[in-house]
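In: Have a look at this fold, sequence not included:
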């Protein structure tokens, strides 16, 4: 068996991790920390990670908190209503 083969990429709602998603931040700053203990908080989003291979789980709440801190805006959960 050829060891360079990779399993097929998941299909469906998986999106690519792009510069637009990262928005100038490092992936490590936005990784899901499973705050709920199971990662079922509702803020976790999965992205295909072409740089590292595999899947990256991003906490969209942490992402928005970082953006607000950078932009000098007070954070509110109401600000999470954005689409990528």
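Out: Cool, the structure landed. Source: prediction; values computed, not measured. Numbering: from 1, shown residues only.
In: Now do the contacts for residue 49.
Out: With contact set as C-beta atoms under 8 Å, 6 or more residues apart in numbering, residue 49 has these partners: 17, 27, 55-56. Any C-beta I mention is one placed from the backbone N, CA and C, and that applies to glycine too.
In: most neighbours, which of the residues you listed?
Out: The most crowded member of those is residue 17, carrying 21 neighbours; neighbours defined as other C-beta atoms under 10 Å.
In: pretty sure that residue is touching residue 46, no?
Out: No: with contact defined as C-beta atoms under 8 Å, residue 17 does not count as touching residue 46 (9.4 Å).
In: quick check: mean pLDDT across the longest helix seen in the chain?
Out: When the chain is parsed with DSSP state H, its longest helix is helix 60-71. The average pLDDT within helix 60-71 is 94.
In: Check which residues of it are buried.
Out: By neighbour count, and taking 16 or more other C-beta atoms under 10 Å as the criterion, the buried residues in helix 60-71 are 60-67.
In: How about residue 27, nearest residue that isn't a chain neighbour?
Out: Nearest residue to residue 27, sequence neighbours excluded (C-beta to C-beta, 6 or more residues apart in numbering): residue 56, at 5.9 Å.
In: re the thing from before, quick check: neighbours shared by residue 17 and residue 46?
Out: Counting by C-beta under 8 Å, 6+ apart, the residues touching both residue 17 and residue 46 are 56, 58.
In: which residues sit in contact with the most centrally placed residue in the chain?
Out: The C-alpha lying nearest the average C-alpha coordinate of the chain belongs to residue 58 (C-alpha atoms, centre = their mean; 2.4 Å). Contacts for residue 58 were tallied using C-beta under 8 Å, 6+ apart; they are 17, 21, 27, 30-32, 44-47.
In: Looking at neighbours, which among these is most surrounded?
Out: Neighbour counts for the contacts of residue 58, by other C-beta under 10 Å, peak at residue 30, which reaches 25 neighbours.
In: got a pLDDT number for that one?
Out: Reported pLDDT at residue 30 in the predicted model: 93.
In: list the contacts for it?
Out: Residue 30 sits next to 22, 58-59, 62-63, 66 when contact means C-beta under 8 Å, 6+ apart.
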